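Visitor: just the structure for this:
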Amino acid sequence: MSNGVILANQVRYADTFAARFFGMMLKRQFPHEYDALLLTPCNSVHTFFMFYPLDLLFLDSEIKVLRIYENLAPCRSWATVRGAKHVLELAAGRVARSGVKVGDMLIFSERERRG
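Guide: Now for the predicted structure:
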């Protein structure tokens, strides 16, 4: 994040249709292999067929936070966020602990990109 806080150490990229489609569906808990899932390109999500809440950051093409949903419960659908190009899915509570807010710019290191 632009304020120096590390939001996630390991980010998995979901940049294919199948990876975006399945995302976190049918997983009993947030995966231990990574801290966040970046859906790209993406401007809307749902939490059908999920078993735990998520924090969501909707990001524009510059990786600026456009909208935040915290502790989003399973079995919900959400409208498209205008201008969003990516969605970062995090374990519930991560946004509150990080202090991220709308307008913040996120930075992804090359190590995270390969995640």
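Visitor: show me what the longest strand along the chain is packed against.
Guide: Ordering each strand of the chain by length in residues (DSSP state E) puts strand 65-72 first. Packing partners of strand 65-72 (3 or more C-beta pairs under 8 Å, 6 or more residues apart in numbering; DSSP states H and E): strand 54-59, helix 94-98. For every residue, glycine as well, the C-beta is placed using N, CA and C.
Visitor: quick one: buried residues of it?
Guide: 65, 66, 68, 69, 70, 72 (16 or more other C-beta atoms under 10 Å).
Visitor: and which of these is nearest to residue 30?
Guide: residue 72 (12.7 Å; C-beta to C-beta).
Visitor: and which of the buried residues of strand 65-72 is nearest residue 46?
Guide: For the buried residues of strand 65-72, the nearest to residue 46 is residue 72 (9.7 Å; C-beta to C-beta).
Visitor: who touches the residue nearest to residue 9 when sequence neighbours are not counted in this structure?
Guide: Among residues not flanking residue 9 along the chain, residue 35 sits closest, at 5.4 Å (C-beta to C-beta, 6 or more residues apart in numbering). By C-beta atoms under 8 Å, 6 or more residues apart in numbering, the residues touching residue 35 are 7, 8, 9, 10, 11, 90, 91, 94.
Visitor: appreciated, that's everything.
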